[in-house]
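> just coords:
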């Protein structure tokens, strides 16, 4: 197994689908072993059985990657080797990279908010006062402190 084979296989049998701001890589196949070898080589993604819509159809499986950082890494590796899906992969890489940067900023803001909420709670402030201080709902303030 190598990246050239995977890129060719993805170019012919794979799909890169956009769901809102997220992307998903998938490759459908009736040969489960090939998909498992790809998954093992890439070390990301999942292989799942596809439900038959007609009883006379062969058994089929799909290899998919949904976690955005994994989709990004996969596309970065195979994009130089793609032919048919090269442009689409390039566009997806740009969008995913932007989204990942936004997510990192969002996580950083959340972490700061959690630290501040916990500090205020240690000072003895009730959740309503913490919510008011942080300009958030008091129930959200309680969940920040309780679950983070």
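That came in fine, so what should we check first? From a predicted model like this one, the values you see are computed outputs, not experimental measurements. Numbering: from 1, shown residues only.
> Same question for the lengthiest strand in the chain: list its buried residues.
Taking DSSP state E as the criterion, the chain has its longest strand at strand 22-29. Neighbour-count burial for strand 22-29, with 16 or more other C-beta atoms under 10 Å as criterion, is recorded at 23, 25-27, 29. Yep, even glycine has a C-beta here, placed from its N, CA and C like the rest.
> residue nearest the centroid of this structure?
Taking C-alpha atoms, centre = their mean as the criterion, residue 67 is the residue nearest the geometric centre of the chain, at 1.8 Å.
> element containing the nearest residue in space to that residue that is not next to it in sequence?
Excluding its sequence neighbours, the residue lying closest to residue 67 (C-beta to C-beta, 6 or more residues apart in numbering) is residue 44, at 7.4 Å. Per DSSP states H and E: residue 44 is located in neither a helix nor a strand.
> Do me a favour and get the backbone dihedrals for residue 44.
Backbone geometry at residue 44, expressed as degrees, to the nearest 10, gives phi -140, psi 160.
> go on, residue 52?
phi -70, psi 130.
> next one: residue 64
Main-chain torsions, residue 64, degrees, to the nearest 10: phi -140, psi 150.
> Now it: closest residue in space that isn't a chain neighbour?
Spatial nearest neighbour of residue 64, excluding adjacent residues (C-beta to C-beta, 6+ apart): residue 26 at 4.3 Å.
> what's that neighbour in contact with, if anything?
If you count contacts by C-beta atoms under 8 Å, 6 or more residues apart in numbering, residue 26 has them with 14-15, 17, 62-65.
> Could you measure from it over to residue 80?
Residue 26 sits 21 Å away from residue 80, going by C-beta to C-beta, to the nearest Å.
> quick one on the thing from earlier: what's the pLDDT at the residue nearest to the centre of the chain?
Listed pLDDT for residue 67 reads 92.
> Thank you, goodbye.
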